[in-house]
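A.B. asks: Provided below for reference: sequence and predicted model.
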Amino acid sequence: MYKNIIKPLFDFLAAFFGLIVLSPVFLIVMIGLAFANNGRPFFFQKRPGKNEKIFKVVKFKTMNDKKGIHGQLLPDEARLTPVGLFVRKTSLDEIPQLINVLKGDMSLIGPRPLLPEYLPLYTTRQKKRHNVRPGITGWAQVNGRNTISWEKKFEYDVWYVENLSFLLDAKIFFMTFAKVFKAEGVNMENQATTTAFKGEN
């Protein structure tokens, strides 16, 4: 009952009121990033959701589109703007995903939605992470986020799917606030973003 009825209802109500409460922050961040990114404060990208259904996730755009002399995008750390760095460290870039929660594409809590090109690389067990809606935060995020290996992340994701409950979601919810406050696990050492998943070694 919790998984199929209570959790989706709570997600919708929390996202709705969350957007209202956070609207001043949303507006300030949007304006700041619009100046930093030539009028483009948002980032849209296709991601697989529940049952691997593709949807467009929306986040605040923390990196600009600067390119090198040969037309290729510069490395992530070279494109991360000062305001973008602040937004990422404070996890404010995740706020627009409340819109995805309202639409039913995502949940507040669940495995993070990753890139579509990773789908063929998952093992049968790792694919279980798509048995539930992806989340803004999740069990892997409060247990290391970008500082742990892909394999460990997927272990946490599958464990969450197999043990989903109200008490576990509540625990993750409050642990997330502690992690955000401390800005823990945002990036791997010396990297602006996590490395790409290339399948099992």
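C.D. replies: That came in fine, so what should we check first?

A.B. asks: buried sites along stretch 60-73?
C.D. replies: For stretch 60-73, the neighbour count (16 or more other Cβ atoms under 10 Å) marks 60-64 as buried. For every residue, glycine as well, the C-beta is placed using N, CA and C.

A.B. asks: pLDDT on that stretch, on average?
C.D. replies: Per-residue pLDDT over stretch 60-73 has a mean of 82.

A.B. asks: again, but for stretch 5-24
C.D. replies: Mean predicted lDDT for stretch 5-24 stands at 96.

A.B. asks: Run the chain-centre distance for it.
C.D. replies: 17 Å (Cα atoms, centre = their mean, to the nearest Å).

A.B. asks: How about stretch 137-144?
C.D. replies: 10 Å.

A.B. asks: Name the surrounding residues that touch it.
C.D. replies: 94, 108-112, 148, 152-154, 156-157, 159-160, 168, 172-173, 175-176, 179, 185 (Cβ atoms under 8 Å, 6 or more residues apart in numbering).

A.B. asks: redo that, cut-off 6 Å
C.D. replies: 109-112, 153, 156-157, 160, 172, 175-176, 179, 185 (Cβ atoms under 6 Å, 6 or more residues apart in numbering).

A.B. asks: how long is it from one end to the other?
C.D. replies: 12 Å (Cα to Cα, to the nearest Å).

A.B. asks: ditto for stretch 101-110
C.D. replies: 11 Å.

A.B. asks: For it, list every residue counted as buried.
C.D. replies: Quick answer for stretch 101-110 (16+ other Cβ under 10 Å): 101-102, 105-110.

A.B. asks: residue ranges for the strands of the chain, please.
C.D. replies: According to DSSP state E, the chain carries its strands in the segments 42-48, 54-60, 107-109, 135-137.

A.B. asks: List the strands paired with the second one, with their directions.
C.D. replies: For strand 54-60, sheet partners with direction are given as strand 42-48 (antiparallel), following DSSP bridges.

A.B. asks: and the strand it pairs with, which residues are buried?
C.D. replies: Buried, per 16+ other Cβ under 10 Å, within strand 42-48: 43, 47-48.

A.B. asks: With respect to Lys7, which of the buried residues of stretch 101-110 is nearest?
C.D. replies: Ser107 (6.7 Å; Cβ to Cβ).

A.B. asks: Could you check how far the closest one is from Thr137?
C.D. replies: 10 Å (Cβ to Cβ, to the nearest Å).

A.B. asks: With Lys89 instead?
C.D. replies: Distance from Lys89 to Thr137, by Cβ to Cβ: 15 Å.

A.B. asks: now do Arg125
C.D. replies: Distance from Arg125 to Thr137, counting by Cβ to Cβ: 22 Å.

A.B. asks: ok so, going back, so which of the strands of the chain gets nearest Phe12?
C.D. replies: Here strand 107-109 is closest among the strands of the chain (Cβ to Cβ), at 9.9 Å.

A.B. asks: now, among the buried residues of stretch 101-110, which is nearest to Phe16?
C.D. replies: Using Cβ to Cβ, these come closest to Phe16 at Leu102, 6.3 Å.
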